[in-house]
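**Student:** give me the fold of what follows.
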Amino acid sequence: MRFGPYADSAKVVEQALSFQRPDRLPVYDGFWPEFGQRWRTERPDAGTDGIEEYYWIDLDVPVANECLFPSRVGVVREDGQDVYRDDGWGRIVRTRPGTYFMEPVSRLLETRADLDRIVFEPAAADSRYTGLVAEARRQQQRGRAVFVKIGGLFIRSSWFRGETEFLMDMVLDPGYARAVVEKMAAHLLQTGLESLHRARAESCGVWVFDDMCNARGPMFSPAVFETIFLPVYQHLVQTLKAAGARRVLLHCDGNLTPLLDLVVAAGFDGINPVEFGAGMDVAELLPRYWGRLAFVGGVCNTHVLPGGRPAEIRAHVARLAEAGRNGGLVIGTHSIGPDISVENYELYRETVDATGSATGKR
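**Tutor:** Numbers count the residues shown, from 1 in each chain. Okay, the predicted model is just below:
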């Protein structure tokens, strides 16, 4: 069955994020290509529609080319099955065709003396934003809520410095770690401001994507976050809002719970994806952070959707949808992968339709 399109996407997303009872519960999901291939085979009635049109996703988050050195991106050399690429973040990575992960093998930032010497390519270059502007216009014309995306302080600094090295810096030389973060923040902030204005996304705002947790908890202590990241994030968020961003949201995989009060202190208005499988329960978090932090996500894509019985899927989704009926929630998952059947995904969406609107139907 089709789940859209709906002309009120921007309206219901704004209602939900403003802690108002939405006319219907908005949905935000992303789809792996493998799921999309299965859907295309099993739902031939889709015609020429894309998967986000058929299932109707209420918001979109286009991204600019935000890497530090876009002119350097490309293959450096090949060695048997190994392909060595400059990824634009000041490092050479080793990959193999058909695989997902990569291994950094060298980087520009090796010593503290390198930090001041390295100059990033201009964040204001027009070529960075061509794709973002086109995508934003297309989605805005469809009536979706459109935010723009930038990377976060931890994840982008760890790419530039090296993850192991950066984690060690936080403990052994926090002043240096803070200097790396501040240099990265200046670039990301300028990218965010350019993206915001060029995409005309002020009425929605900016999403910061910063994966700094695993399923058990953050990769560093709240004290480290407070010392190294919090002041820089406060400046970044305040500047984006002063420039017109309606909201600034944070995407962080894993269990972000120990950092939530600091996320609020940083000025973020909401978080995503609120992974149930990592111990984050929207139905419990919404009352605790009502009016201070909205939630985008919450549906379990690691256990319930892949392997749950129909009654379990209905109960899980209905509980979350009921919790968000009065606002504070854009329901969704981290992503829809190949381990989730089309039938289970549609059962989840049907349950949202039945439970998550003011009228009980769409």
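**Student:** what distance do you get for residue 285 to residue 189?
**Tutor:** Residue 285 sits 28 Å away from residue 189, going by C-beta to C-beta, to the nearest Å. (C-beta placed from N, C-alpha, C; glycine too.)
**Student:** identify the bridge partners of the residue found closest to residue 269 once you drop the neighbours it is linked to in the chain.
**Tutor:** The shortest distance from residue 269 to any non-neighbouring residue, by C-beta to C-beta, 6 or more residues apart in numbering, is to residue 247 (4.1 Å). For residue 247, the beta-bridge assignment (DSSP bridges) gives partners residue 205.
**Student:** residues contacting residue 247?
**Tutor:** Neighbouring residues of residue 247 by C-beta atoms under 8 Å, 6 or more residues apart in numbering: 17, 147, 204, 205, 206, 269, 270.
**Student:** and the furthest pair within those?
**Tutor:** 17 and 206 (13.1 Å; C-beta to C-beta).
**Student:** and the two? which has more neighbours close in?
**Tutor:** In this view residue 17 and residue 206 are compared by other C-beta atoms under 10 Å, and residue 206 has more residues nearby, 29 against 26.
**Student:** name the element residue 22 belongs to?
**Tutor:** Following DSSP states H and E, there is no helix or strand that holds residue 22.
**Student:** my bad, residue 295
**Tutor:** strand 294-298.
**Student:** quick one, helices of the stretch 1-150 of the chain?
**Tutor:** All helices of the stretch 1-150 of the chain, identified by DSSP state H, counting those that start in this stretch, fall at 9-17, 33-42, 51-54, 112-117, 130-141.
**Student:** ranking those by burial, who's on top?
**Tutor:** helix 9-17 (a mean of 22; mean count of other C-beta atoms under 10 Å).
**Student:** how far does stretch 230-247 sit from the chain's center?
**Tutor:** Distance of stretch 230-247 from the chain centroid (C-alpha atoms, centre = their mean, to the nearest Å) equals 17 Å.
**Student:** pLDDT on that stretch, on average?
**Tutor:** What stretch 230-247 shows for mean pLDDT is 98.
**Student:** buried ones in that stretch?
**Tutor:** For stretch 230-247, the neighbour count (16 or more other C-beta atoms under 10 Å) marks 230, 232, 233, 235, 236, 237, 239, 240, 241, 245, 246, 247 as buried.
**Student:** check stretch 300-314 too.
**Tutor:** 300, 301, 302, 304, 305, 308, 313, 314.
**Student:** please identify which of those residues is nearest to residue 223.
**Tutor:** Distances from residue 223 to the buried residues of stretch 300-314, taken by C-beta to C-beta, are shortest for residue 302, at 29.3 Å.
**Student:** before we move on, back to that, can you pick out the ones from the buried residues of stretch 230-247 that are in helices?
**Tutor:** 230, 232, 233, 235, 236, 237, 239, 240, 241 (DSSP state H).
**Student:** next, format those as a markdown table and append distance to residue 7.
**Tutor:** Shown next, in a markdown table, are those (distance: C-beta to C-beta, whole Å):
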| residue | distance to residue 7 |
| --- | --- |
| 230 | 40 |
| 232 | 39 |
| 233 | 35 |
| 235 | 38 |
| 236 | 34 |
| 237 | 31 |
| 239 | 33 |
| 240 | 28 |
| 241 | 28 |
